[in-house]
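Participant: Below are the sequence and a predicted model; questions follow.
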Amino acid sequence: MNIATPTKIQYEAIIGLETHCQLSTHTKIFCGCSTAFGTPPNTNICPVCMGMPGVLPVLNQTVLEYAVKAGLALNCHISLFSKFDRKQYFYPDLPKNYQISQYDLPIAENGWLEIELVDESGLNPVQKRVGITRLHMEEDAGKLVHAGSDRLAGSSYSLVDYNRTGVPLIEIVSEPDIRSGKEAAEYAQELQRIIRYLGVGDGNMQEGSLRCDVNISVRPIGQQKFGTKVEIKNMNSFSAIQRAIDYEIERQIQSIETNIPVIQETRLWDESNQCTMSMRRKEGSSDYRYFPEPDLTPIELSSGQLKNWQGDLPELPAQKRHRYVSSFGLSAYDARVLTEDRPMAEYFESVIAAGANPKQSANWIMGDITAHLKTTKQSISQLSINPSDLAELIHLIEANTISSKIAKEILPELLVHGGSPQSLIDQKGLTQISDTGLLMAAIDKVLTANPQELEQYRQGKTKLLGFFVGQVMKQTGGRADPKLTNQLLMHKLTD
Ligand SMILES: [Zn+2]
């Protein structure tokens, strides 16, 4: 008789991200107010961004340029004809009571972004494409500060700062191609890299310049129908995105398994309790009653302008990662670290352009130089040692002019004062000794000074070779060519 054992149902998560990214223009999207962060509340405002009657918005052309460049970098189709729409929403953070956004004719659509996933060993990177549904321009809302309650007046109150009202945003909507918290965090991180490489935004999550909302549902593997979609907001780091999604996947699976329906709603990530909490039922798009913005003319782009902007695009992080592996023979891990930010990648490429070996250059930059930048809290562009000097240092080691030990010894001085490594070693008399006569003299001295060790070596304690090499190094102030010293010593000891 067969006893049926219940098999555990396997689930999959269907995840899409909506990312708001602030563009780093000096002025707002429809007026000349400053976009500076951290200025006193309500000082960067004017009748246009305050939505006074009778004022007219004018599109900041740099916003259009930045949005198009972001769209191109995300492999999107750019619409030569698009328009703005009004999204009705009544909330004190937008004094107009509507937001100017783009509805049915966004500036960019149908693109993709490549993410790279590395398994736990740090090896075997896997690339995956995540589709981009659309990218559109819109204005940001103000910032509400819930100040608490005034017990004497018997009321609670909130304050509002309109400095952020009208700051330009792009909203990037992904296809539901993401399957895990890790993939989502990687997607958001790659978006941040692209935005920074392009120079169209600072992508700073803590200051809210990059904000991700997650749409997530769960279904048994093999089922066609999607599960009920939940939106999660309020995550301000990549690891919070990952943890919020992993938590939500578990919560939804448990709901399904205990026959409690998953409700379509918006949930907030609670960082202190590491869980998501229900915030409100989700509105459908019909609640916003979009209609074409009557105060702005449609946006028309010429193909010539589009071509110019395309020509301005830098090499992007994913392209660089591939090139570093295929042309420079670096590991996927090294390529990832070096392309993390554009100035680092450009520094590395300049070192190679000055003729240095790519793997050696990568090691110096990821090792000693990164450590120095961390302790001094400097950025790579502030570094005193310029790329050609680092290339020279690497050359000096390869040519056996100095040992890598000496290179490490003079590096701190080069990091602080810069200058040519060759002149520094000349000045300090640190050139490696590769002269056989000089080395033999040092070896003889060492052997004479250590008769006991010499006797032990001759009786078979060959491990003492290292001891003798060390003594020769000491004798020569670290300048002896280690390889040659080894050879000469072996020769001498087996005499
Ligand atoms: Zn203004």
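Facilitator: Looks like it came in fine.
Participant: going forward, measure contacts and count neighbours with C-alpha atoms only.
Facilitator: Fine.
Participant: Buried residues, the lengthiest helix in the chain. List them.
Facilitator: Counting by DSSP state H, the longest helix found in the chain is helix 238-257. Buried residues in helix 238-257, counting neighbours by 16 or more other CA atoms under 10 Å, are found at 238, 240-249, 251-253.
Participant: nearest to the ion, of those?
Facilitator: Distance to the ion, by CA to the ion, is smallest for F238 among the buried residues of helix 238-257, at 32.0 Å.
Participant: What sits closest to that closest one if chain neighbours are left out?
Facilitator: Spatial nearest neighbour of F238, excluding adjacent residues (CA to CA, 6 or more residues apart in numbering): A185 at 5.1 Å.
Participant: Show me what counts as buried in the strand or helix carrying the one you found.
Facilitator: Using DSSP states H and E, A185 sits within helix 181-198. Across helix 181-198, burial judged by 16+ other CA under 10 Å covers 181-198.
Participant: So which elements touch it?
Facilitator: helix 61-73, strand 108-117, helix 238-257, helix 317-328 (3 or more CA pairs under 8 Å, 6 or more residues apart in numbering; DSSP states H and E).
Participant: let's see 10 Å
Facilitator: Under the contact definition 3 or more CA pairs under 10 Å, 6 or more residues apart in numbering; DSSP states H and E, helix 181-198 sits against strand 11-22, helix 61-73, strand 108-117, strand 126-139, strand 210-220, helix 238-257, helix 317-328, helix 342-353.
Participant: Go through those and name the closest to Q378.
Facilitator: For Q378, the closest of these is helix 342-353, at 12.1 Å, according to CA to CA.
Participant: Show me which positions of the closest one end up buried.
Facilitator: For helix 342-353, the buried set under the neighbour-count rule, 16+ other CA under 10 Å, comprises R342, M344, A345, E346, Y347, F348, E349, S350, V351, I352.
Participant: Please look at L414 and L390 and confirm they touch.
Facilitator: Yes - between L414 and L390 a contact is recorded at 8.9 Å, counting by CA atoms under 10 Å.
Participant: where do the contact lists of those two overlap?
Facilitator: S420, P421 (CA atoms under 10 Å, 6 or more residues apart in numbering).
Participant: the more surrounded of these two?
Facilitator: Legend: neighbour count by other CA atoms under 10 Å for L414 and L390, higher for L390 (27 against 21).
Participant: Which of the three states applies to that one?
Facilitator: Following DSSP: H, G, I helix; E, B strand; the rest coil, the label given to L390 is helix.
Participant: List the residues that contact the residue in the stretch 351-495 of the chain that the ion sits nearest to.
Facilitator: Of all residues in the stretch 351-495 of the chain, S379 sits closest to the ion, at 33.7 Å by CA to the ion. Applying CA under 10 Å, 6+ apart to S379 gives the contacts P343, M344, T370, H372, L373.
Participant: cool, and E190?
Facilitator: Contacts of E190 by CA under 10 Å, 6+ apart are L113, E114, I115, E116, A184, R196, P317, A318, E340.
Participant: PyMOL command for the buried members of those?
Facilitator: Remark: buried members of those, expressed as a PyMOL selection using 16+ other CA under 10 Å:
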select buried, resi 113+114+115+116+184+196+317+318+340
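Participant: Closest to A480 out of the contacts of E190?
Facilitator: Distance to A480, by CA to CA, is smallest for E340 among the contacts of E190, at 38.3 Å.
Participant: Check what pLDDT the nearest residue to that closest one once chain neighbours are set aside gets.
Facilitator: Excluding the flanking residues, the one nearest E340 by CA to CA, 6+ apart is R193, at 7.0 Å. With respect to pLDDT, R193 scores 97.
Participant: quick one: R193 and R336 touch, right?
Facilitator: No - the pair R193 / R336 is not scored as a contact, 11.2 Å apart, by CA under 10 Å.
Participant: Can you name the residue of the stretch 151-300 of the chain nearest to the ion?
Facilitator: For the stretch 151-300 of the chain, CA to the ion, closest residue to the ion: G166, 7.0 Å.
Participant: does that residue count as helix, strand or coil?
Facilitator: coil.
Participant: Nearest spatial neighbour of it, chain-adjacent residues omitted?
Facilitator: Per CA to CA, 6+ apart, closest to G166 is E139, 4.7 Å.
Participant: Name whatever forms a beta bridge with that neighbour.
Facilitator: Under DSSP bridges, the beta-bridge partners of E139 are P168.
Participant: which residues touch it?
Facilitator: By CA under 10 Å, 6+ apart, the neighbours of E139 are 22, 28-30, 49, 94, 99-102, 164-171.
Participant: and if we set it to 6 Å?
Facilitator: G166, V167, P168, L169 (CA atoms under 6 Å, 6 or more residues apart in numbering).
Participant: OK, contacts around the third one?
Facilitator: Put plainly, it is P168. Neighbouring residues of P168 by CA under 6 Å, 6+ apart: Q22, L23, K28, I29, E139.
Participant: can we see that at 8 Å?
Facilitator: Q22, L23, T25, K28, I29, V63, M137, E138, E139, D140 (CA atoms under 8 Å, 6 or more residues apart in numbering).
Participant: And the second one, how far from the ion?
Facilitator: When CA to the ion, to the nearest Å is the yardstick, L23 and the ion sit 16 Å from each other.
Participant: quick revisit: direction-wise, compare the helix holding A185 with helix 61-73 and give the angle.
Facilitator: For helix 181-198 against helix 61-73, the angle by axes from the mean of the first three to the mean of the last three CA atoms, to 10 degrees is 130 degrees.
Participant: now the angle from helix 181-198 to strand 108-117?
Facilitator: 120 degrees.
Participant: what's the spacing between helix 181-198 and its chain's center?
Facilitator: In terms of CA atoms, centre = their mean, to the nearest Å, the centre of helix 181-198 is found 6 Å from the chain centre.
Participant: For it, list the C-alpha coordinates in PDB.
Facilitator: Provided in PDB are the C-alpha atoms of helix 181-198 (Å, rounded to 0.1, in the frame of the first residue of the first chain):
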ATOM      1  CA  GLY A 181      15.800  40.200  -3.000                       C
ATOM      2  CA  LYS A 182      19.400  39.800  -4.100                       C
ATOM      3  CA  GLU A 183      18.500  40.400  -7.800                       C
ATOM      4  CA  ALA A 184      16.500  43.500  -6.800                       C
ATOM      5  CA  ALA A 185      19.300  45.000  -4.800                       C
ATOM      6  CA  GLU A 186      21.700  44.300  -7.600                       C
ATOM      7  CA  TYR A 187      19.300  46.000 -10.100                       C
ATOM      8  CA  ALA A 188      19.000  49.100  -7.900                       C
ATOM      9  CA  GLN A 189      22.800  49.200  -7.500                       C
ATOM     10  CA  GLU A 190      23.400  49.000 -11.200                       C
ATOM     11  CA  LEU A 191      20.900  51.800 -11.800                       C
ATOM     12  CA  GLN A 192      22.800  53.900  -9.300                       C
ATOM     13  CA  ARG A 193      26.100  53.200 -11.100                       C
ATOM     14  CA  ILE A 194      24.600  54.100 -14.500                       C
ATOM     15  CA  ILE A 195      23.100  57.400 -13.100                       C
ATOM     16  CA  ARG A 196      26.500  58.300 -11.600                       C
ATOM     17  CA  TYR A 197      28.500  57.300 -14.700                       C
ATOM     18  CA  LEU A 198      26.200  59.500 -16.800                       C
END
